[in-house]
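Asker: Sequence unavailable; structure follows:
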């Protein structure tokens, strides 16, 4: 691995080693397009929405209740409610780091005062344990989430330090981290938390401060996992990834968010310690999980009961849990693996997950969210109340808040730091991994200053133009552009500043030359809609097809069907290609028909000859499909991604 010592200061993930050097929020600015719109809504609506709801349901008041000695009777929320305040603080810090400022800084300062008031002299900080009338500290490591909460606190403190300079929040985080090392170090409590998260946070704090003891403690937690230090429970040790040591596991399993957070922490430890064996173990697990346990959308987790990965190829669309937080965690893991290895397949999965899970969760106004992300909604669900807390896993319509509201704040912190996922650098040049209108300014080794501008209509269109604004002193360097894996069986083109055009395949397209200001490079990606077929081992969707256009997965939604039909009436004809709908609609039209549906008096036996098409099918117009990330923004509906064919 190469050394990454020349780092931006405003980095969500700042490895000191690795194949690629990340660029920070002070080096990459998203200026327009799909993600600029989502980030604007996040900054102007979602952050305040989360802040207001946490005050309304009493979670921010828990810290004041501790300080005033009334926590036993006045504490509100689940045992992990503290973590949501910390994730919101992290999101605010990264957002303030993009220069959108003072009001957020004031909010951070006010919340930090409240948090600090609940911290004990030895650094312990939790509103659910350790106070009169509560369970003792660390008496429920399986379910108590104390170390998990610390993880999000530490990440918030790191974000403040990198975005605005060390403040009170960073000091709180450091005191907590020192307490953890003293309590859980060698000779202390030699166990782990039921919910991983502390590992990656401690590594990032070590990167920030240079304190090796934080890295050592993270490595201890990774090595302890899988040795049965947690009590066996209802879902077995696999739920907590306590069934096998990290180095011995071959696939991600158990609770999906826990598994992905643990893998992220393992990558961080492996990179900082140079542990190639540990890194290889996570790569092996990621490969098996993507090949056998991941939905077309990039979603992970097919079990509702335990929010967990299912067995290989158990991916039912109508029972997809695909938790939004698992999508966020998958992006975090993919980013770390990309930085460590430089392999573009990690950026491929991150792109798929960002567009089809992370972007699906929030509503268009950024004030309601999906917790789970089903791929098939069979019945129109009720509209959640605008002023009430909703059950967390309902996927009828997005809800404003949940009893377990981990997803809104996770989406918020992901969108706030998203510019840092667009590009990297190495000794050779600049690499573009995600496409959005952006301005990028950085320096390569030796003081070579580069500024470039990206213009694109992605993902609605496939044209990506990179203009060189500055490259000094003049010397050759390499511009690398990811060619997405979804371009397989299609043709992508790269046009250099001289106008020379060449075809490029999935992976990475590179141009090495003496770039001059004004030079333009163009990547043309084939975003036409295309059919996707499932692996026949995925029993739940055998005999169906789906439509993908560029990185976007599409779905049928009942609001687009005539005569009050539901999506189970749809049959598509994969012998003819789907086409784009009218310009500006963002829709796709798939050749197909509507079939007769059984009424309530029909026989209950579900097996019979093929259904017949009705005379009233929309001849010549086909079936209208919309981007999956937009579904349920037009009111209650039924929806499905995997569509039966006219042959079935």
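Answerer: In hand now; what should we look at? All of these numbers come straight from a predicted model, not from anything done at the bench.
Asker: Would you mind giving the domain segments of this structure?
Answerer: Partitioning the chain according to the TED database yields domains covering residues 10-294, 423-524, 530-644.
Asker: Quick one: mean pLDDT for the first one?
Answerer: Which is domain 10-294. Domain 10-294 shows a mean pLDDT of 97.
Asker: Can you measure across it, start residue to end residue?
Answerer: End-to-end distance of domain 10-294: 32 Å, with C-alpha to C-alpha, to the nearest Å as the criterion.
Asker: contacting residues around the closest residue to residue 636 other than its chain neighbours?
Answerer: Beyond its immediate neighbours in the sequence, the residue positioned closest to residue 636 (C-beta to C-beta, 6 or more residues apart in numbering) is residue 380, lying 4.0 Å away. For glycine as for every other residue, the C-beta is placed from the backbone atoms N, C-alpha and C. By C-beta atoms under 8 Å, 6 or more residues apart in numbering, the contact list for residue 380 reads 396, 558, 636, 637, 638.
Asker: thinking again about what came up before, deepest of the domains of the chain, which one?
Answerer: Mean neighbour counts were taken over the domains of the chain using mean count of other C-beta atoms under 10 Å, and the top value, a mean of 21, falls to domain 10-294.
Asker: Could you report the distance from residue 366 to residue 69?
Answerer: In this structure, residue 366 lies at 37 Å from residue 69, with C-beta to C-beta, to the nearest Å as the measure.
Asker: Residue 485 now?
Answerer: Distance of residue 485 to residue 69, given as C-beta to C-beta: 57 Å.
Asker: Same check on residue 118?
Answerer: Between residue 118 and residue 69 the distance, using C-beta to C-beta, works out to 11 Å.
Asker: Walking through the stretch 251-400 of the chain, point out its strands one by one.
Answerer: Counting by DSSP state E, counting those that start in this stretch, the stretch 251-400 of the chain forms strands over residues 376-377, given from the N-terminal end onward.
Asker: Isn't residue 456 up against residue 481?
Answerer: No: at 11.0 Å, residue 456 and residue 481 do not qualify as touching, with contact defined as C-beta atoms under 8 Å.
Asker: Could you count how many residues lie near residue 333?
Answerer: The local packing of residue 333 (other C-beta atoms under 10 Å) involves 30 other residues.
Asker: Surely it touches residue 268?
Answerer: No: contact criterion C-beta under 8 Å: residue 333 and residue 268 do not qualify, at 10.2 Å.
Asker: For the residue lying closest to residue 125 once chain neighbours are set aside, give its distance to residue 331.
Answerer: Of all residues not flanking residue 125 in the chain, residue 119 sits nearest, at 4.4 Å (C-beta to C-beta, 6+ apart). Between residue 119 and residue 331 the computed distance is 31 Å (C-beta to C-beta).
Asker: ok, now residue 370?
Answerer: Spatial separation of residue 370 from residue 331 under the definition C-beta to C-beta is 16 Å.
Asker: give the contact list for the residue nearest the centre of the chain.
Answerer: The structure's the chain has its C-alpha centroid closest to residue 328; by C-alpha atoms, centre = their mean the separation is 2.1 Å. With contacts taken as C-beta under 8 Å, 6+ apart, residue 328 has the following neighbours: 358, 410, 411, 414.
Asker: chain center to stretch 304-318: distance?
Answerer: How far stretch 304-318 lies from its chain's middle: 18 Å, per C-alpha atoms, centre = their mean, to the nearest Å.
Asker: what do you get for stretch 573-593?
Answerer: 29 Å.
Asker: just stretch 211-227 next, same as before
Answerer: Relative to its chain's centre, stretch 211-227 lies at 25 Å (C-alpha atoms, centre = their mean).
Asker: do stretch 293-303 as well
Answerer: Between the mean C-alpha location of stretch 293-303 and the chain-wide mean there is a distance of 12 Å, by C-alpha atoms, centre = their mean.
Asker: what do you get for stretch 29-44?
Answerer: Using C-alpha atoms, centre = their mean, the distance between the centre of stretch 29-44 and that of its chain works out at 16 Å.
Asker: Equivalent analysis for stretch 155-163, please.
Answerer: Averaged C-alpha coordinates place stretch 155-163 at 19 Å from its chain's average position (C-alpha atoms, centre = their mean).
Asker: Pull the residues that contact it.
Answerer: Counting by C-beta under 8 Å, 6+ apart, stretch 155-163 makes contact with 9-12, 14, 24-25, 86-87, 89-90, 93-94, 96-97, 108, 166-167, 169-174, 200-201, 204-205, 208, all of which sit outside it.
Asker: Okay, now the unreliable bits of the stretch 351-500 of the chain?
Answerer: 393-395 (pLDDT under 70).
Asker: And the helices in it, which stretches?
Answerer: Taking DSSP state H, counting those that start in this stretch to define them, one finds helices in the stretch 351-500 of the chain at 406-416.
Asker: Could you do the stretch 101-250 of the chain as well?
Answerer: In order along the chain, the stretch 101-250 of the chain carries the following helices (DSSP H, counting those that start in this stretch): 102-117, 146-164, 168-184, 198-209, 212-224.
Asker: could I get these as a markdown table with distance to residue 31?
Answerer: What follows is the helices of the stretch 101-250 of the chain, written out as a markdown table (distance: least, C-beta to C-beta, whole Å):
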| stretch | distance to residue 31 |
| --- | --- |
| helix 102-117 | 20 |
| helix 146-164 | 19 |
| helix 168-184 | 29 |
| helix 198-209 | 28 |
| helix 212-224 | 36 |
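Asker: ok, back up a step: tell me the one of the contacts of residue 380 nearest residue 605?
Answerer: Ranking the contacts of residue 380 by separation from residue 605, with C-beta to C-beta as the measure, puts residue 638 on top at 23.2 Å.
Asker: Give me the phi and psi angles of the closest one.
Answerer: Backbone dihedrals for residue 638, given as degrees, to the nearest 10, come out at phi -100, psi 160.
Asker: just the one 5 residues further on next, same as before
Answerer: The phi and psi values for residue 643, taken as degrees, to the nearest 10, are phi -110, psi 130.
Asker: So for it, what pLDDT did the model give?
Answerer: On pLDDT, residue 643 comes in at 97.
Asker: what do you get for residue 616?
Answerer: With respect to pLDDT, residue 616 has a value of 44.
Asker: sorry, back to before: need the max-distance pair from the contacts of residue 380.
Answerer: For the contacts of residue 380, with distances taken as C-beta to C-beta, the pair at the greatest spread is 396 and 558 (12.5 Å).
Asker: quick one: buried residues of stretch 372-390?
Answerer: Within stretch 372-390, the residues that qualify as buried by neighbour count (16 or more other C-beta atoms under 10 Å) are 372, 373, 374, 375, 376, 377, 380, 384, 389, 390.
Asker: Run the chain-centre distance for stretch 274-287.
Answerer: For stretch 274-287, the gap between its own C-alpha mean and the chain's C-alpha mean amounts to 20 Å (C-alpha atoms, centre = their mean).
Asker: ignore the last one, stretch 503-513
Answerer: On the basis of C-alpha atoms, centre = their mean, stretch 503-513 is displaced by 27 Å from the centre of the chain it belongs to.
Asker: what's in contact with that stretch?
Answerer: Outside of stretch 503-513, the residues that reach it under the criterion C-beta under 8 Å, 6+ apart are 344, 428-429, 431, 476-488, 491-494, 496-497, 521, 523.
Asker: Need the phi and psi values for the nearest residue in space to residue 495 that is not next to it in sequence.
Answerer: Nearest in space to residue 495, with sequence neighbours left out and distances taken as C-beta to C-beta, 6+ apart, is residue 522 at 4.2 Å. The phi and psi torsions at residue 522 (degrees, to the nearest 10) take the values phi -120, psi 130.
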